Structure formats: structure tokens, C-alpha cells
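Student: Fold the following, please.
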Amino acid sequence: MIGKLLSMLSGWQGYVAVAGLAALLAGLGTGYLVHKIDGSRLAALKEADAMAALHAVQRVSAVRQKQAAVAEAAAISIAREEGKLEAERFRTPERIVVHVQDRSRCISYGLIRVLNSTALGSGSNAGPIAPGQPDDACAPVTWRSFAADIADDYVTSRENSAQLNALEKNVRDLAEAQDGGH
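Tutor: The predicted structure follows:
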């Protein structure tokens, strides 16, 4: 049998067989080498991907920390401003007693109607007219209570303004904290 095999390898058939065997061995060697190279590239890609994920998590964490600090500072600022305005609201009655006298002429229904309709955003004739009370009749409101209502409305307006300003600043600061993280 070995003799028959050797006789087949002689002549042109032998050259073909040897060339095929050489090609097969070369292909296997090349495949093994490419596999080793691809394995090291794959390991490098996995390492780079892990590092990129770690850096992304660190950037997000830094942005969140900045935003938390901004939110905390905004909350403290809002609380301080509200405290100041509430203290002013509390002191207002004391100032009214000192500066507003109820001895002067009365407050007219007309003035009350105009102020109420303006506050409600309706026309000056939209306010209800008290039965039998013309615009120049005295309303059952003292100057002190009138002053207290107006002062309270002013403080509320300033509170709303401070809240809106704080909200706008907080949004800008949060956006800046996020943009600063990139």
C-alpha cells in the first residue's frame, strides 16, 4: 500500500499533491497567524471600549455633581429671598399703623372697582356694582386695610418676580454645568 502511494506521488500527480499539501499547510499557518492578530486586536478594542465607558460614566458623574451643587445653591438663595420678603410682609402692618391715618376722606367704590377689575384683567365696568352705591360713595374699607392689601400685593409681586428670576438663573446654571462637563 505504501508502494502504491509512492507510485502515485511520482510524476505530475506527485507535483499536484505536494503543491496541494503545501497550499493547505500555508493556509493553515496564515489562518492561525490572522486569528492570533485578530485576537489581540479584539482584546485591544475591548480594552478601549471599557476605558471609553469608564470616562463617559466619570463625565456624567461630574456633570451631575455640578448640577446638584447648582440646585442646592439655588434652593438656598430662594429660601433666603423668601425669608426676607416674608419678614417684610410681617413688618408691613407696623408701618401702616405709623404712616396711614383713617381720619381722611373715605375710599370710594369707584376706586375699589377700578383696582379689582385691573387686578382681574377685566374692563373697569366688569366689577359688580354694590346695590345703590355710585362710584363716589364711600366703600366700607379703611385706609389702613386698603394700604395693607396693596402692600401685601406688592410683596407677593416681588416674591413672584424673585421666583421667576431664580428659576431663570437656575436653568442657565444647570445648562452651564452640563455644557462644562463636555
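Student: I'd like the distance between Val141 and Glu72.
Tutor: Separation of Val141 from Glu72 (CB to CB, to the nearest Å): 44 Å. Bear in mind the C-beta positions are built from the backbone N, C-alpha and C, glycine included.
Student: which one of the two has more residues nearby?
Tutor: A count of neighbours by other CB atoms under 10 Å puts Val141 above the other of Val141 and Glu72, at 15 against 10.
Student: what are the phi and psi angles of the residue lying closest to the more buried one once chain neighbours are set aside?
Tutor: Excluding the flanking residues, the one nearest Val141 by CB to CB, 6 or more residues apart in numbering is Ile107, at 5.0 Å. When read as degrees, to the nearest 10, the backbone of Ile107 gives phi -90, psi 130.
Student: Just confirm Ile107 contacts Ala137, I think it does.
Tutor: No - using CB atoms under 8 Å, Ile107 is not in contact with Ala137, being 10.2 Å away.
Student: and the next element down the chain from the helix or strand containing Ala23?
Tutor: According to DSSP states H and E, Ala23 maps onto helix 12-99. Remark: after helix 12-99, the chain's next helix or strand is helix 109-120, criterion DSSP H and E.
Student: same for that following helix, what does it pack against?
Tutor: Judged by 3 or more CB pairs under 8 Å, 6 or more residues apart in numbering; DSSP states H and E, helix 109-120 is in contact with no other helix or strand.
Student: Please point out which parts of that helix sit buried.
Tutor: Judged by neighbour count (16 or more other CB atoms under 10 Å), helix 109-120 contains these buried residues: 109-110, 112-113, 115, 117.
Student: What is the nearest of those to Lys169?
Tutor: Leu115 (32.3 Å; CB to CB).
Student: any weak-confidence spans in this protein?
Tutor: 1-18, 21, 24-29, 31-39, 42, 122-132, 180-182 (pLDDT under 70).
Student: let's see 80
Tutor: Applying pLDDT under 80 to the chain flags residues 1-46, 96-104, 116-133, 180-182.
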